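# after the sequence you'll find the predicted model.
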Amino acid sequence: MLIHSQVEDLDTRGLQFIGDNMNSIQQLNPRHHKMLEFNMRGWTNKQIADHLGMTQQNVSVVMRSPSFQHELSMRRAKLEEMSNQSIVSSDQEVTDSIRAGAKAAVERILSGIDSVDENVAIRSSESILDRAGFPKVSKVESKSLSVVMNAEDLVKLKEAMLLDKD
């Protein structure tokens, strides 16, 4: 759907058509520009003809003329360019807003580290470490011993045990 202000922003100057068919419209007049505007808004030839007090046949003749088609394609290209620029600026605004929100969230979490409430400070620290990719470390009080070993450690342990048997 075209935005009225975008259609109005388009250049409305007439174009001179130079071609083989000298019976075609040479230059667009103000009525033709109105037809362009209505066409860009999605009006049918009948609606345009009724609104401007013309016949549908006359509207069709004007709309098929090379100068009208050229101006119509120029306006559509300009409108598409304006739309693309609008999308780009909207994307940038969204990106900027997300960055600002993320920065505010980080600052809030960081401020929790200095909290006088130890629980808040611990939760803030855990949150920062978790987001940085460090897993949560939990304090476990137990009389049993847990050992985490990788395959290389197991090989060394096995060798050490074999040496102790000898």
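Yep, that arrived. Computed from a predicted model, the values in this text were never measured in an experiment.

# enumerate every residue touching S125.
I113 (Cβ atoms under 8 Å, 6 or more residues apart in numbering). C-beta here means a position set from N, CA and C on the backbone, and glycine is covered the same way.

# the helix of greatest length in the chain - contacts with which helices or strands?
Assignment by DSSP state H gives helix 66-113 as the longest helix of the chain. With contacts taken as 3 or more Cβ pairs under 8 Å, 6 or more residues apart in numbering; DSSP states H and E, helix 66-113 sits against helix 4-9, helix 30-40, helix 56-64, helix 118-131.

# what does the helix or strand just after the longest one contact?
By that I understand helix 118-131. Per DSSP states H and E, the first helix or strand lying C-terminal to helix 118-131 is helix 151-165. With Cβ under 8 Å, 6+ apart as the test, helix 151-165 has contacts from M149.

# lowest average confidence, helix or strand, in this structure?
Lowest mean confidence among the helices and strands of the chain (mean pLDDT, DSSP states H and E): helix 4-9, at a mean of 39.

# domain ranges for this protein?
Listed domain ranges for the chain are 4-94, 96-165 (source: automatic domain parsing).

# so how far is the longest one from its chain's centroid?
Relative to the mean C-alpha coordinate of its chain, domain 4-94 is positioned 28 Å out (Cα atoms, centre = their mean, to the nearest Å).

# re the thing from before, and the angle for the longest helix of the chain with helix 56-64?
70 degrees (axes from the mean of the first three to the mean of the last three Cα atoms, to 10 degrees).

# show me where pLDDT drops low in the chain?
For the chain, applying pLDDT under 70 flags the ranges 1-26, 135-147, 164-166.

# change it to 50
1-24 (pLDDT under 50).

# of all residues in the protein, which one is nearest the centre?
D91 (3.9 Å; Cα atoms, centre = their mean).

# who's in contact with that one?
D91 neighbours (Cβ under 8 Å, 6+ apart): none.

# sorry, back to before: quick one, which of the helices and strands packed on helix 66-113 gets closest to I98.
helix 118-131 (15.7 Å; Cβ to Cβ).

# list the buried residues for that closest one?
For helix 118-131, the neighbour count (16 or more other Cβ atoms under 10 Å) marks 124, 127 as buried.

# now do it: distance to the chain's middle.
For helix 118-131, the distance to the chain centre is 33 Å (Cα atoms, centre = their mean).

# tilt between it and helix 66-113?
Going by the same axes, to 10 degrees, helix 118-131 makes 130 degrees with helix 66-113.
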